[in-house]
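Trainee: test case, fold it:
(one chain, ligands or ions: 1)
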Amino acid sequence: MATKRKHVVFSQEDDRGGGGIEIHPSRLWSNDNGAGNHYVGHNASDAPKKKKKSEAKARYLQKKARRKRKLDSAKKAAAPKHKEWNPTTEEGVTVTMPATLSAEQERHMVEDMPDNTASISCGPGAATSTKPSIPESSQGQEEKSTLGEGGPATEEMERARRKAEKRAKREARNLQKAAKSSAPEPETTVASDNHIIGDAVTAGGRVDLSEFSQEKDELEKKESEPPQNMDVRLDEDEAQPLQAFPLPTAVPAPSTNLLLRQGLPTGLEEATFVEENFRIPLSELKMQQRGREVSAISEHMSARLSELGVIDFFAVQAALLPKLLPLSLTPLKYANLHDYLISAPTGSGKTLAYAIPIIEILSARTITRLRALIVLPTKDLVVQVRETLELLAKGTDLKIGTIGGQHSFAHEQKVLVEDLEIKELGGSSKVDILIATPGRLIDHLSQTPNFTLQHLRFLVIDEADRLLNQSYQDWLMMVLRHTRPTDDKMGLEREIMPDDHVAPLWMSACGLGDKSHSLLDPPEQQCQKLLFSATLTRDPAKVASLSLNSPRYYIIQSSLAQPSAHSIGEQFAIPASLTEFMLILPPQLKPLNLIHLIHSPEYAVSSALIFTKSVESCVRLVKLLEYFEVAFGGGKVVQGYTSDMRPAERKKVLAAFGQGDVQLLVCSDLIARGMDLPTVSHVISYDIPLDMRKYVHRVGRTARAGRSGTAWTLVEKQEALHFKSILKSAGHTKQVKKVKVKEESLGPYKDSYEVVMKRLKEEFSHGRESTE
Ligand SMILES: Nc1ncnc2c1ncn2[C@@H]1O[C@H](COP(=O)(O)OP(=O)(O)OP(=O)(O)O)[C@@H](O)[C@H]1O
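Mentor: Okay, the predicted model is just below:
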């Protein structure tokens, strides 16, 4: 029966009881949105026409108010749960009740009011009102009703109206009180794994509501559910609560116990911390030999280091050299060599920490064998490390080789081994030290005859975190397999000759060694592994794959450094001499702000590396800056450095930058790792880095070797939350100061910038025309 439908204000009973009218709801209004509001009456009754008209209007108003309430209720239900629902800040719903309503009608209306209804004004001179949110088109209608078009109210109706008014006011007051007491501060930071920056929520939208009152929870629950007595027929989409956009979350650092249980080798659960600023003069690094204290480094090495301008050993060198060097004096004693994991800031001298012991120990050799393998992630780093090793090895007859794809594979083969035709069981290496990228290394292991790792004494993995993440054909497994003897007698079909120079460990593993001799010798052992990085991992899975031998873990960091949230899982080491800033700005202001940084005397940018997110944006930015320098007369020389440039070209650009002929070097992350460019005064991340690791390596191109340096990151407004959470999860928020550049500071560059924009646009449209 139609009269049972919820949107009918008058119940059948009322009608009967009051002897009033019976109206089929579908015929009340011809236009449901009330715009036309023309009454299509039917079922004429005894009631006077005027009364019928006013009752119909009252129903219309009630219906309209109810629709509005449904909408508001749905809005509330859809609001994100962590956000405070404060009725006072929401659009208020003012329901104006015509004076002609019966007590029962009013009761219905009040009961149907959702909890957030701000106020109810009743009839002329209503006591409370809030900003009406009813569409203008219907307001006129409302006003008419409020003026009491329906005639004078009876006493009974008046009483009911007052009662309803009081009740509504009371409810509204209670709600406001409850909402006020539970409203969170606008800027909320919750100290937990779930980070809340500002008023936004991270950690997959989870929020710590513990500090909110229970009342609030109940209120929210109540609000999110449509009132039971309402016939809510909303679109599915409208009624669905909106999901907060999920943000990347920081995984909490695992506990030491967990790491150990998962297989972290013993020895790595505790690190030895070394103060970053620790220095020790070359002559004072001593060691004991036959009861006498002697210098830890040879005279030859001392002389080479002095030539290079090294007066003191840096912390990473002072910590590691005494552990590695004594063996240079007793080269036979290979027993119990520890493997080392070293986490040290960018530019802290890690290269010398492994290069010095390698040269010192291997310079005592008589026959050339491949005894040191240094693996690096990029060709450019291979070239850089080779230069350092060659400087240190000058005056020795040690041979240093590189394989990294700079030359053809055939050329590399000729450099690596004596003979490509006749197989020698101990190999025929032409180099003592090999510096390689993983890709080329495994190609040679599988395809170059006489290339063997059986004599390896050192395996160095620099930029270890990156290389351990690189799964290229399982390079690490393959390399490690080649450093261990197998028991298949290496496929030996013939008798081993003295010239074969098979490594003793291989001989004994195959039962081919001189047993009586090997009993006297100390047990030989495999090569010593040294892993270095500024962002070192202790992920058990990755570390376990290295098969480390009684490893030791050293962390070089400033005693002033904040304890990192990742000190167990991943270690980020940032030089203490680095100053860091960030600018949060609208994307369209990025170029002008960059120009301001470069040119304002306040920042004293003499030589800057500017990082972009891709090769393409690098090329565009180079063009923009070049044109700007011309238009502005800035005089700075700009160059790009990207992976699609030829190696010779890249080398030339780096040399020009190093000599100061280029002041602004715009690059992609290609240069971010390991590159040692001592002249860099500023690192500017024009595009934010993807993660903390990238950030550390980028900013580490300045403030090297104890020098001071400055890093700027330009953060677009919409990226701010993400970037801050990167810093926060590494415990590095405080170190990066937020700076605001005033609008007027950009004024001097605007004219030139407009000229540049015009020129770029023209160029762009010409480019398009020519390709069309
Ligand atoms: N003891 C020292 N005295 C003076 N300069 C040194 C010393 N040790 C290293 N350096 C210089 O410090 C600079 C940085 O060294 P290196 O490239 O080895 O740093 P790194 O720790 O490997 O950095 P990254 O993590 O960025 O690769 C180099 O120019 C190097 O010559």
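Trainee: you'd agree Phe532 is in a helix?
Mentor: No. With DSSP: H, G, I helix; E, B strand; the rest coil as the criterion, Phe532 is strand rather than part of a helix.
Trainee: which residues does it contact?
Mentor: Ile342, Ala344, Lys350, Ala353, Tyr354, Val460, Ile461, Asp462, Glu463, Ala464 (Cβ atoms under 8 Å, 6 or more residues apart in numbering). Every residue, glycine included, has its C-beta placed from N, CA and C.
Trainee: what about these, which are in strands?
Mentor: Ile342, Val460, Ile461 (DSSP state E).
Trainee: tell me, how many residues neighbour the last one?
Mentor: Spelled out, that is Ile461. Around Ile461 there are 25 other residues, counting by other Cβ atoms under 10 Å.
Trainee: nearest residue to Phe657 other than its sequence neighbours?
Mentor: Sequence neighbours aside, Leu665 is the residue nearest to Phe657 in space, at 4.9 Å (criterion: Cβ to Cβ, 6 or more residues apart in numbering).
Trainee: look up phi and psi at the one you found.
Mentor: Torsion angles at Leu665 (phi, psi; degrees, to the nearest 10) stand at phi -110, psi 110.
Trainee: from the ligand, how far out is it?
Mentor: For Leu665, the distance to the ligand equals 16 Å [Cβ to the nearest ligand atom, to the nearest Å].
Trainee: given the one helix or strand Ile555 maps to, what are its sheet partners and their directions?
Mentor: Under the criterion of DSSP states H and E, Ile555 resides in strand 552-557. Taking DSSP bridges as the criterion, strand 552-557 forms sheet pairs with strand 272-275 (parallel), strand 340-343 (parallel).
Trainee: among the ones you listed, which is the most enclosed?
Mentor: Compared across those, strand 340-343 shows the largest average neighbour count, a mean of 27 (mean count of other Cβ atoms under 10 Å).
Trainee: now what about it, what contacts it?
Mentor: When contacts are defined by Cβ under 8 Å, 6+ apart, strand 340-343 is touched by residues 268, 271, 316, 320, 323, 350, 353, 464, 528-536, 538, 543, 548, 551-557, 571, 573.
Trainee: for the stretch 501-650 of the chain, give me the ranges with low pLDDT.
Mentor: 501, 504-526, 537-541, 560-571 (pLDDT under 70).
Trainee: near the ligand, which residues of it show up?
Mentor: Contacts of the stretch 501-650 of the chain with the ligand, taken as Cβ under 6 Å from any ligand atom, map to Ala534.
Trainee: so what's the residue of the stretch 501-650 of the chain found nearest the ligand up against?
Mentor: Residue of the stretch 501-650 of the chain nearest the ligand, by Cβ to the nearest ligand atom: Ala534 (4.4 Å). Neighbour list for Ala534: Ser343, Ala344, Pro345, Thr346, Ser348, Phe572, Ala573, Ile574, Val696, His697, Gly700 [criterion: Cβ under 8 Å, 6+ apart].
Trainee: elements contacting the host helix or strand of Thr388?
Mentor: Per DSSP H and E, Thr388 falls inside helix 379-393. For helix 379-393, the packing partners by 3 or more Cβ pairs under 8 Å, 6 or more residues apart in numbering; DSSP states H and E come out as helix 299-307, helix 350-362, strand 400-403, strand 433-436, helix 647-658.
Trainee: got a list of what the residue nearest to Phe657 touches?
Mentor: By Cβ under 8 Å, 6+ apart, the contact set of Leu665 is Ala608, Leu609, Ile610, Val638, Gln639, Gly640, Tyr641, Val653, Phe657, Ile671.
Trainee: go on, Ser745?
Mentor: Applying Cβ under 8 Å, 6+ apart to Ser745 gives the contacts His596, Ser600.
Trainee: quick one: low-confidence ranges for this protein?
Mentor: Residues of the chain that meet the criterion pLDDT under 70 lie in 1-53, 71-154, 175-269, 326-336, 472-473, 486-501, 504-526, 537-541, 560-571, 766-772.
Trainee: near the ligand, which residues of it show up?
Mentor: Counting by Cβ under 6 Å from any ligand atom, the chain sits next to the ligand at 310, 312-314, 317, 344, 346-352, 534, 674, 676, 678, 700, 704-705.
Trainee: mind redoing it with 8 Å?
Mentor: 279, 305, 308-314, 316-317, 344-353, 381, 384, 388, 462-463, 532-534, 673-676, 678, 697, 700-701, 704-706 (Cβ under 8 Å from any ligand atom).
Trainee: can I have the buried ones of those as a PyMOL selection?
Mentor: Restricted to buried positions by 16 or more other Cβ atoms under 10 Å, the PyMOL selection for those reads:
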select buried, resi 305+310+312+313+314+316+317+344+345+346+347+348+349+350+351+352+353+381+384+462+463+532+533+534+673+674+675+676+697+700+701+704+706
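Trainee: what about Met757, neighbour count?
Mentor: Counted with other Cβ under 10 Å, the neighbours of Met757 add up to 14.
Trainee: 228 is where my numbering starts, stick with that
Mentor: Taking 228 as the first residue, the last one we looked at is Met984.
Trainee: now it: how far from Lys977?
Mentor: Separation of Met984 from Lys977 (Cβ to Cβ, to the nearest Å): 10 Å.
Trainee: how about the contacts made by Thr869?
Mentor: Neighbouring residues of Thr869 by Cβ under 8 Å, 6+ apart: Val842, Cys845, Val846, Cys894, Ser895, Leu897.
Trainee: mind checking which of those residues land in strands?
Mentor: Per DSSP E, strands hold the following members of those: Cys894.
Trainee: neighbour-wise, which of the contacts of Thr869 leads?
Mentor: Cys894 (26 neighbours).
Trainee: quick one: end-to-end distance for stretch 905-923.
Mentor: The first and last residues of stretch 905-923 sit 17 Å apart, counting by Cα to Cα, to the nearest Å.
Trainee: who's in contact with the closest residue in space to Trp702 that isn't next to it in sequence?
Mentor: In space, and not counting its chain neighbours, Trp702 is closest to Pro665: 3.9 Å by Cβ to Cβ, 6+ apart. The contact partners of Pro665, by Cβ under 8 Å, 6+ apart, come to Val602, Pro604, Leu694, Gln697, Tyr699, Trp702, Leu703, Val706.
Trainee: same check, this time on Ser804
Mentor: Ala930, Gly933, Arg934, Ser935, Gly936.
Trainee: next, format those as JSON lines and append secondary structure and distance to Ser655.
Mentor: Formatted as JSON lines, those follow (DSSP: H, G, I helix; E, B strand; the rest coil; distance: Cβ to Cβ, whole Å):
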{"residue": "Ala930", "secondary structure": "coil", "distance to Ser655": "45"}
{"residue": "Gly933", "secondary structure": "coil", "distance to Ser655": "44"}
{"residue": "Arg934", "secondary structure": "coil", "distance to Ser655": "45"}
{"residue": "Ser935", "secondary structure": "coil", "distance to Ser655": "50"}
{"residue": "Gly936", "secondary structure": "strand", "distance to Ser655": "46"}
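Trainee: just give me the closest of those to His565.
Mentor: For the contacts of Ser804, the residue nearest His565 by Cβ to Cβ is Gly933; the value is 27.8 Å.
Trainee: wait, what's in contact with that closest one?
Mentor: Contacts of Gly933 (Cβ under 8 Å, 6+ apart): Asn504, Phe541, Ser804.
Trainee: how about JSON lines for the residues you listed, with secondary structure added?
Mentor: What follows is the contacts of Gly933, written out as JSON lines (three-state DSSP):
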{"residue": "Asn504", "secondary structure": "coil"}
{"residue": "Phe541", "secondary structure": "coil"}
{"residue": "Ser804", "secondary structure": "coil"}
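Trainee: okay if I get those residues as a markdown table plus distance to Ile811?
Mentor: Shown next, in a markdown table, are those (distance: Cβ to Cβ, whole Å):
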| residue | distance to Ile811 |
| --- | --- |
| Asn504 | 32 |
| Phe541 | 35 |
| Ser804 | 25 |
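Trainee: quick one: Ala637 from the ligand, how far?
Mentor: Taken as Cβ to the nearest ligand atom, the span from Ala637 to the ligand is 31 Å.
Trainee: so that residue is in which element?
Mentor: helix 636-643.
Trainee: by contact count, what packs against that helix?
Mentor: Under the contact definition 3+ Cβ pairs under 8 Å, 6+ apart, helix 636-643 sits against strand 627-630, helix 665-674.
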